[in-house]
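> Need coordinates for the following:
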Amino acid sequence: MDGIEGVLIDLDGTILKGNQSIPYADEAVAYIRSLGKKIAFVSNRGNLSRRMCYERLEPLGIAAAEEEIILSSTVTAQFLREHYPLCQVWTLGDDGLREELRHHQVPLARVPEEADFLVITLHETVTYRDLDLAFRAVHHGARIIATNIDKTFPNEHGNAIDVAGMVGAIEAATGRKVELVLGKPSCFMVEAALRHLQVPPCRCLVIGDSVESDIRMGRMYGMKTALVLTGNTKRSHLDALRAKERPDYVMDSIYDMICIVEEAMR
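Numbers count the residues shown, from 1 in each chain. The predicted structure is shown next:
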C-alpha cells in the first residue's frame, strides 16, 4: 500500500455475493480505511441506485457513504444529464436504474415510441412485455445505451446471467447495436471514481474479481491492480491470461489484504 492513496473496490464477487457478504469483507474495508486510504466502491451494477446499494451494504456492516458508491447506473444518468439534457429515455432493467435517472433529473419517456434512448441494464425480473416494450422503443428510433455488457456476475448461487443477455435479445430482434457502454472498464467509470477520490491514477489500487472489467480498467489507467478469487475468476484461469491482462497481485479474498500488509510491515 506504499504510495497508494485511493482504493477502487468492486462489489459483486469482491464484497458481495447476491445479498450476502463475502466473509470478513467488512473487516477488510475497515482496515483499508484505518490506513488512511480514500475509498470508492465502483460497480457495474446498473439495476440498483446508490440509495439501494447503500441499504444493501449497511446491514452487512460495510461502512459506505452514498457519495463513495459509483454504479454504472449513476454514471449513465450523469452522462445523459450532461450531454442530452432534453432526451427522453426508456429503460430495460430493474427499478434502481429509473430511480437513479430520476435523481439526476433525466426525463423518462411516457411510452417507448417517444424515447430517444433505450438504456439496458440487468433485469432480474424480466418478462416478455418488458422485452417487447424495449423492442418498440428501438423500432421507433431509440438509440441503445448499455450500463455494461458483462456476460455474468457472481451471486449466492454461482454465476448468473448479466446485462449481455438482455442486450443480446434486443440486438437480435432489432438488428441495431449498442452505441455506448458506460460501465467498467470505460473511461466514464474511471473518471467518476477519480473525481470522487481526487487522487491521480498512479496512486490508486483497483481490487476486483473480473479480469475483463476491473483489472483491464486499472491497467489502462496505470493503476495498481489486485484480483480476488471470490467471484468470476478462478485460480485455474490465471495461466491463460496474457501478460497485459495479468494483475499485479492475486488474493484468495479481499480479507487477505490485511495479512499481506501486516506481514510486509513487520
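> tell me the strands in the stretch 151-266 of the chain, going along the chain?
In order along the chain, the stretch 151-266 of the chain carries the following strands (DSSP state E, counting those that start in this stretch): 152-155, 158-161, 180-181, 204-208, 224-228, 249-251.
> Give me the below-cutoff pLDDT ranges for this structure.
Low-confidence segments of the chain (pLDDT under 70): none present.
> And the helices in it?
If DSSP state H is used as the criterion, the helices of the chain fall at 25-34, 50-57, 72-83, 95-103, 128-139, 163-174, 187-197, 216-220, 256-265.
> Now do Gly36 against Val7, distance only.
In this structure, Gly36 lies at 11 Å from Val7, with C-beta to C-beta, to the nearest Å as the measure. Where C-beta positions appear, they are placed from N, C-alpha and C, glycine not excepted.
> can you list the strands of the stretch 151-266 of the chain in a markdown table and add distance to Glu114 and mean neighbour count?
Rendered in a markdown table, the data for those read as follows (distance: least, C-beta to C-beta, whole Å; neighbours: other C-beta atoms under 10 Å):
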| stretch | distance to Glu114 | mean neighbour count |
| --- | --- | --- |
| strand 152-155 | 31 | 20 |
| strand 158-161 | 29 | 13 |
| strand 180-181 | 20 | 18 |
| strand 204-208 | 38 | 28 |
| strand 224-228 | 43 | 25 |
| strand 249-251 | 48 | 16 |
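> got those strands as a markdown table, with distance to Ala30 columns?
Below are the strands of the stretch 151-266 of the chain laid out as a markdown table (distance: least, C-beta to C-beta, whole Å):
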| stretch | distance to Ala30 |
| --- | --- |
| strand 152-155 | 23 |
| strand 158-161 | 28 |
| strand 180-181 | 33 |
| strand 204-208 | 14 |
| strand 224-228 | 17 |
| strand 249-251 | 17 |
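> Compare the ones you listed and report which one is nearest to Val138.
strand 180-181 (14.2 Å; C-beta to C-beta).
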